[in-house]
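> Got a predicted structure here, sequence first:
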2 protein chains.
Amino acid sequence: MGLIVQKFGGSSVANADRVNNVASIVTDTYKAGNDVVVVVSAQGDTTDDLLKKAQEINPGASKREMDMLLAAGEQISIALLAMAIEKVGCPVVSLLGWQAGFNTNSNHSTARIKNIKTDRVKTAIDKHQIVVVAGFQGINRYDDITTLGRGGSDTSAVALAAALHADRCQIFTDVEGVFTADPRKVKNAKKLTEITYDEMLELATLGAQVLNNRSVEMGKKYNVEIEVLSSLKRVSGTIVKEVANMEKMLVRGVTKDTNVARISIIDLPDTPGIAFRIFSMLAAKNINVDIILQSVGREGSKDIAFTVSKDCEEEALAIIKGIAELQGKKVISDDEIAKVSVVGAGMETHPGAAAMMFEALYEQNINIQMISTSEIKISVLIDKNEADKAVTAIHDKFIPNA
Amino acid sequence: MGLIVQKFGGSSVANADRVNNVASIVTDTYKAGNDVVVVVSAQGDTTDDLLKKAQEINPGASKREMDMLLAAGEQISIALLAMAIEKVGCPVVSLLGWQAGFNTNSNHSTARIKNIKTDRVKTAIDKHQIVVVAGFQGINRYDDITTLGRGGSDTSAVALAAALHADRCQIFTDVEGVFTADPRKVKNAKKLTEITYDEMLELATLGAQVLNNRSVEMGKKYNVEIEVLSSLKRVSGTIVKEVANMEKMLVRGVTKDTNVARISIIDLPDTPGIAFRIFSMLAAKNINVDIILQSVGREGSKDIAFTVSKDCEEEALAIIKGIAELQGKKVISDDEIAKVSVVGAGMETHPGAAAMMFEALYEQNINIQMISTSEIKISVLIDKNEADKAVTAIHDKFIPNA
């Protein structure tokens, strides 16, 4: 039929039973007449074990040696999966990142793929072998092992699908696809059949945690059709593509993100350049600022508030306090907040979406602390304790029970 | 001072403390002004863990995928050792087999080194980096990972020392060097200062288990001075070289090997070709035959007895029983035996050595079942229960307490 790239994460290959399950998915796809290339992460606990070993010996180990260490994880999982496929009786070959041609830049632990030399993979496909490739890893121009950082295996899979001009890239996870809201929290949450890259990007950023952002960006760039589906339940998942059928929905999903902290600086002098100074200092330390709000305070002064991820809260505060112009100013931080967002390409042509969202919150008597909008997204900052209630209310407003 | 290759086995890097200990040996050598290249095996239990995982998934896994799996073991240990060296503050880089240029043939699980492209290692040495190399592994001409089999890291170290023209190759173990007999069994056992390659080869074959045979052969071929020494106690060890000072000893050591079984075939027809048939069948199945003894039996018939390692006993018996000409012949096997040997280049020019050995056994009333000799070795087969007594008696005869 075609060439399919299938990606399985660490929990999908966590033990022998799971590895055998993956082998049966892969070989069923192969036996149905497809060429199959599989991208695998390290087994669930391997990475943790390796990190612990490193921590014990040298908490300040170089990133080069950390990459060397961690890359052993996928080496183990590709070999084991290949063995499980051999047992089913299908021809198979496992390949490390460098063997599969993954060339990256030299940013150890967060390397970017520069190109993939697919000769070896293509040769194996031509020999009708199932190819099992180590995700997450590559080599730089000096032949040093590099790793792609968090969610790197998704990126490996989509990049390889692009390089091979695969017909589809299937990302297997422990959920059945992309839902309109977290199905554990929102009773009426629906699985989406299709979604656009842009919508998926907004959802991923907003904490849906189904698919790594870089992989969606790469899918968009090279127009790789990505399917998110379950490795445990054999039903079709959600397809991420350029133009998706809206299924009569105004929005695609409602998400919450509690890994967020707000920092407010009160009563700043209203002089030019102060905002630039603050945010360039934060950027220099690689701290991503999400929502920014500047309000007029008392005469000749202003307040600035912005959000960062909770992990960066302490560091951001330290940076703010180190800026000379801000000495003596009141700085408030708050991490008892949540960001709740609706995402949907349909909102671009439907001006009433924001009003509908605010109405849903008003009906629940939930106070909005900050608002941020883009073409396909509206986010509000609210009290953390009201986040789940807000998600359900907004979801029910936009996506009524069918 | 010079260029030293140091090799540490799996037990030397089994945990964080041991890794730190190795790092201190390595960095002390480096700080003393030497260039240092370190070859490391997988951590003690890693290989067992990996084998268990493979066994659980597919006991019949291909050797290619087993090599892929097992090679992850050294990847972990080189990264951890490099991290420990970083902590001491010395410049270091870890390299996998393929990165260090180890090219092998394609015999997965028992590959032979074809050549070592040392450019990368030499570049690192020129930059005054300590180089930590994964032992046991390489790649074949197709860029597939291969492993060298049992004791492979010793071979990696000696081969690398040869390729780099190193001044010395130090093999660190859990013993202090090569002894004239097992010091746990023989009170008067002495550590040897020097020993020749040939003597070491005989001792290794005979069960001294200090140094892998292939590595000694390689040392002899390329004239690499090898030192066997302890990773736990900092004293000088035993140097293996072409010509060694005999220190007034007639023999270099006395060993016992209980991993031996004797198979006897009684009352064979005295026709030409029957011995050839037996031993070519065994050779075809890769069964190594050690001592062979043929005796004249009754008129027109003969007995043949030979020894194999105990692991091969069952297989050898099955082969013998499958040979048409031997149908109905009596076949006896016995593994309650031990092979006790004396080794020493000095025996070549001292005809009385065999007599001295037999005298020692006679004095202890120990019966000799088979005898085998070479230029520098005499071996006898005796009852297993008398082996330790025999070793002590022979040792005391040849190497009196100083």
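Received the coordinates, thanks.

> hey, let's count contacts and neighbours off CA atoms from now on
Will do.

> A:Gln209 and chain B, how far apart?
Going from A:Gln209 to chain B by CA to the nearest CA, to the nearest Å gives 30 Å.

> My error: substitute A:Ile382 in the last question.
Counting by CA to the nearest CA, the gap from A:Ile382 to chain B is 45 Å.

> Let me see the ranges of the strands in the stretch 51-200 of chain A.
Secondary structure of the stretch 51-200 of chain A (DSSP state E, counting those that start in this stretch): strands at A:92-95, A:102-104, A:113-116, A:130-134, A:137-139, A:145-147, A:168-173, A:194-196.

> In a markdown table: these, plus mean neighbour count and distance to A:Ala162.
Formatted as a markdown table, these follow (neighbours: other CA atoms under 10 Å in any protein chain shown; distance: least, CA to CA, whole Å):
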| stretch | mean neighbour count | distance to A:Ala162 |
| --- | --- | --- |
| strand A:92-95 | 26 | 18 |
| strand A:102-104 | 25 | 13 |
| strand A:113-116 | 17 | 10 |
| strand A:130-134 | 29 | 15 |
| strand A:137-139 | 29 | 16 |
| strand A:145-147 | 31 | 19 |
| strand A:168-173 | 24 | 9 |
| strand A:194-196 | 23 | 17 |
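
> Next, format those as a markdown table and append distance to A:His350 and mean pLDDT.
Below are these laid out as a markdown table (distance: least, CA to CA, whole Å; pLDDT from 0 to 100):
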| stretch | distance to A:His350 | mean pLDDT |
| --- | --- | --- |
| strand A:92-95 | 49 | 98 |
| strand A:102-104 | 42 | 98 |
| strand A:113-116 | 38 | 96 |
| strand A:130-134 | 44 | 98 |
| strand A:137-139 | 43 | 98 |
| strand A:145-147 | 42 | 98 |
| strand A:168-173 | 32 | 95 |
| strand A:194-196 | 17 | 92 |
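
> Quick one: closest of these to chain B.
The closest of the strands of the stretch 51-200 of chain A to chain B is strand A:92-95. By CA to the nearest CA, the value is 7.3 Å.

> residues in contact with the residue nearest the centre of chain A?
Taking CA atoms, centre = their mean, the centroid of chain A lies closest to A:Asn212, which sits 2.6 Å from it. Residues in contact with A:Asn212 (CA atoms under 8 Å, 6 or more residues apart in numbering or on different chains) are A:Gly151, A:Gly152, A:Asp154, A:Thr155, A:Ala204.

> Please flag which of those residues sit within helices.
Within those, residues falling in helices by DSSP state H are A:Gly152, A:Asp154, A:Thr155.

> Kindly indicate the member of those residues with the most neighbours.
Among the ones in helices among the contacts of A:Asn212, A:Asp154 has the most neighbours (other CA atoms under 10 Å in any protein chain shown), with 31 neighbours.

> And the helices in chain A?
A:16-31, A:46-57, A:63-88, A:119-126, A:152-163, A:197-203, A:213-222, A:274-284, A:313-321, A:353-363, A:387-398.

> Mind telling me which of those helices the model trusts least?
Mean pLDDT across the helices of chain A is lowest at helix A:274-284; the value there is a mean of 85.

> ok now that helix, how far from the chain's centre?
With CA atoms, centre = their mean, to the nearest Å as the basis, helix A:274-284 stands 26 Å off its chain's centre.

> Tell me which residues are up against that helix.
Taking CA under 8 Å, 6+ apart as the rule, helix A:274-284 contacts A:Asn288, A:Val289, A:Ile304, A:Ala316, A:Ile319, A:Ile320, A:Ile323, A:Glu325.

> same thing but at 6 Å, please
Helix A:274-284 has contacts (CA atoms under 6 Å, 6 or more residues apart in numbering or on different chains) with no other residue.

> and that helix, which residues are buried?
Judged by neighbour count using 16 or more other CA atoms under 10 Å in any protein chain shown, the buried positions of helix A:274-284 are A:Ile278, A:Phe279, A:Met281, A:Leu282.

> Stretch A:342-352 now?
Neighbour-count burial for stretch A:342-352 [16+ other CA under 10 Å]: A:Val342, A:Val343, A:Gly344, A:Ala345, A:Gly346, A:Met347.

> before we move on, the earlier item: out of the ones in helices among the contacts of A:Asn212, which comes closest to B:Ser11?
Lowest distance from B:Ser11 to the ones in helices among the contacts of A:Asn212 (CA to CA) belongs to A:Gly152, with 33.7 Å.

> So the nearest residue to the closest one once chain neighbours are set aside versus A:Leu229, what's the distance?
Residue nearest to A:Gly152 in three dimensions, not counting chain neighbours: A:Phe136, with 4.5 Å by CA to CA, 6 or more residues apart in numbering or on different chains. A:Phe136 sits at a distance of 20 Å from A:Leu229 (criterion: CA to CA, to the nearest Å).

> Looking at the two, which is more packed in?
A:Phe136 (32 against 23).

> Next one: that one from A:Asp67, what distance?
Counting by CA to CA, the gap from A:Phe136 to A:Asp67 is 10 Å.

> what touches both of the two?
What both A:Phe136 and A:Asp67 touch, as defined by CA under 6 Å, 6+ apart, is the set A:Thr147.

> Can you get me a residue count around whichever residue of the stretch 301-402 of chain A sits closest to chain B?
Here the residue of the stretch 301-402 of chain A nearest chain B is A:Glu315; by CA to the nearest CA that distance is 25.7 Å. Other residues within reach of A:Glu315, judged by other CA under 10 Å, total 14.

> quick one: contacts for it?
Contacts of A:Glu315 (CA under 6 Å, 6+ apart): none.

> change it to 10 Å
Counting by CA atoms under 10 Å, 6 or more residues apart in numbering or on different chains, A:Glu315 touches A:Leu282, A:Lys285, A:Ile287, A:Lys321.

> The second one and A:Ala316 touch, don't they?
Yes - with contact taken as CA atoms under 10 Å, A:Lys285 and A:Ala316 are classed as touching, separated by 8.8 Å.

> between the two, which one's more packed in?
Set A:Lys285 next to A:Ala316 and count neighbours by other CA under 10 Å: A:Ala316 wins out with 24 against 12.

> Tell me which residues touch that one, please.
Listed by CA under 10 Å, 6+ apart, the contact set of A:Ala316 reads A:263, A:278, A:281-282, A:285, A:287-289, A:307-310, A:322, A:333.
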